[in-house]
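Student: need coordinates for the below:
(chains A, B, C, D, E and F)
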6 protein chains.
Amino acid sequence: MPFVHIRITKEGATEEQKQKLIEGATQLLVDVLGKNPASTFVIIDEVETDNWGVGGKTVTKLRADAKK
Amino acid sequence: MPFVHIRITKEGATEEQKQKLIEGATQLLVDVLGKNPASTFVIIDEVETDNWGVGGKTVTKLRADAKK
Amino acid sequence: MPFVHIRITKEGATEEQKQKLIEGATQLLVDVLGKNPASTFVIIDEVETDNWGVGGKTVTKLRADAKK
Amino acid sequence: MPFVHIRITKEGATEEQKQKLIEGATQLLVDVLGKNPASTFVIIDEVETDNWGVGGKTVTKLRADAKK
Amino acid sequence: MPFVHIRITKEGATEEQKQKLIEGATQLLVDVLGKNPASTFVIIDEVETDNWGVGGKTVTKLRADAKK
Amino acid sequence: MPFVHIRITKEGATEEQKQKLIEGATQLLVDVLGKNPASTFVIIDEVETDNWGVGGKTVTKLRADAKK
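Tutor: This next block holds a predicted model:
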């Protein structure tokens, strides 16, 4: 009964990509620990770039700086 | 000062239902552990069905399959 | 498939009390939202009183002050 | 590589305030524990007032009662 | 800069298995979303079986029942 | 009523340092958003270095490599 919580910045992950994350994380728990996939939960949290900071700056700002 | 975090899929929980979850979770901590309700926090997280996976599939897909 | 995460300070909750929290939280989701108990997860996190702060003080200190 | 998760009610925090929370939390880890700011993550979670309860009531209700 | 949080019951995962979970989760984010592995964090939380409930029972109890 | 959750690797943070993190995080919410310190919670989670991965490696391994 593992529970996997994936946090990524909200930058356009598609439904298909989210499906792949869920499949992949579930399979990982099966492969490494022999867990039952039926009782494995995966949640994806898409966080606004204004609300995620790295090195003291928002990702919004980091993305803008990278484009300069 | 307990902190209860309830994650459910975003499938139309009403304001009244959310109020009941908050009341019930708070009361549970009072009843079982004698906690002070005034300093009990409850947060409800409603997760999109595309972002929640069980058994390697998104809940969106599971709901669609169940209707077939 | 709800997921309930209960954080309390580590101050001697017994196995029986933890069992009651798990039962009660599961039943709450059944009663309020009609969720399936079999796929309802509850996790209890017992946090050391040195690692939990309220009003800028650790609970360890708050408990000691309350005894004075 | 600390990870700081700040949950606040969604009541109009501005981009500038969020930037200040990220800067301040990052600096705190540098000052107190000598952590490397470049690998310090901060996430801000803004929770709807209907989804946050204190003392068994939603913050929505508490705010309304406070205005009476 | 994804952040993956894996919760499993504390039932003897080895250092090598934990290393594999970390590698696998990091690679998943690289493969599916093209994320930079260097800024991908993975945390594994091992939860006591007394503190994890499924279907209203602790995993401790479920494991004992399964052995009967 | 903010809730701040600080995750750090378990590498010997002292009681005094934890007290400073709690004070600092609480004050940050007061300064930036005018929150009430009395209803501000801070939790510190100290994660074993075997259970935290960066760039696909455990922090245990990263620390050992850094000493070579």
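
Student: quick check, A:D45 in a helix?
Tutor: No: under DSSP: H, G, I helix; E, B strand; the rest coil, A:D45 sits outside any helix and is assigned strand.

Student: so where do the strands sit in chain A?
Tutor: A:3-9, A:41-47, A:52-54, A:57-58 (DSSP state E).

Student: so which of these is nearest D:D65?
Tutor: D:D65 lies closest to strand A:41-47 among the strands of chain A, at 31.3 Å (C-beta to C-beta). C-beta: built from backbone N, CA, C; applies to glycine.

Student: any idea how far B:R7 is from A:Q27?
Tutor: Distance, A:Q27 to B:R7, using C-beta to C-beta, to the nearest Å: 22 Å.

Student: who has more neighbours out of those two?
Tutor: Taking neighbours as other C-beta atoms under 10 Å in any protein chain shown, A:Q27 and B:R7 compare with B:R7 leading, 21 against 16.

Student: chain D: which of the strands of chain A is closest?
Tutor: strand A:52-54 (3.2 Å; C-beta to the nearest C-beta).

Student: other SSEs contacting that closest one?
Tutor: helix A:59-67, helix D:15-33, strand D:41-47 (3 or more C-beta pairs under 8 Å, 6 or more residues apart in numbering or on different chains; DSSP states H and E).

Student: now it: buried residues?
Tutor: A:W52, A:G53, A:V54 (16 or more other C-beta atoms under 10 Å in any protein chain shown).

Student: ok, now which ones touch the closest residue to the second one other than its chain neighbours?
Tutor: Distances taken as C-beta to C-beta, 6 or more residues apart in numbering or on different chains place D:I22 nearest to A:G53, at 3.2 Å, with adjacent residues excluded. Contact analysis of D:I22 by C-beta atoms under 8 Å, 6 or more residues apart in numbering or on different chains lists A:G53, A:G56, A:K57, A:T58, D:V42, D:I44.

Student: about what we covered before: so can I have CSV of the strands of chain A showing mean pLDDT?
Tutor: Formatted as CSV, those follow (pLDDT from 0 to 100):
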stretch, mean pLDDT
strand A:3-9, 98
strand A:41-47, 98
strand A:52-54, 98
strand A:57-58, 97
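
Student: right, and those strands - which one's nearest B:P2?
Tutor: Here strand A:3-9 is closest among the strands of chain A (C-beta to C-beta), at 19.7 Å.

Student: may I have the strands that pair with the closest one, each with its orientation?
Tutor: strand A:41-47 (parallel), strand E:3-9 (antiparallel) (DSSP bridges).

Student: isn't A:I44 right next to B:T49, touching?
Tutor: No: with contact defined as C-beta atoms under 8 Å, A:I44 does not count as touching B:T49 (11.2 Å).

Student: which one of these two is surrounded by more residues?
Tutor: A:I44 (24 against 16).

Student: quick one, what contacts the spatially closest residue to the more buried one that is not a sequence neighbour?
Tutor: Spatially, and ignoring its direct neighbours in sequence, A:I44 is nearest to B:N51 (4.2 Å; C-beta to C-beta, 6+ apart). Applying C-beta under 8 Å, 6+ apart to B:N51 gives the contacts A:K18, A:I43, A:I44, A:D45, A:E46, B:T58.

Student: distance to B:D65 added to those, as CSV?
Tutor: Converted to CSV, the contacts of B:N51 look like this (distance: C-beta to C-beta, whole Å):
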residue, distance to B:D65
A:K18, 17
A:I43, 20
A:I44, 20
A:D45, 24
A:E46, 24
B:T58, 11
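
Student: closest one of those residues to C:E11?
Tutor: The shortest gap between C:E11 and any of the contacts of B:N51 belongs to A:I43, at 29.5 Å (C-beta to C-beta).

Student: need the strands of chain A in a markdown table (columns: distance to C:E11).
Tutor: As requested, the strands of chain A are arranged in a markdown table below (distance: least, C-beta to C-beta, whole Å):
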| stretch | distance to C:E11 |
| --- | --- |
| strand A:3-9 | 25 |
| strand A:41-47 | 29 |
| strand A:52-54 | 33 |
| strand A:57-58 | 38 |
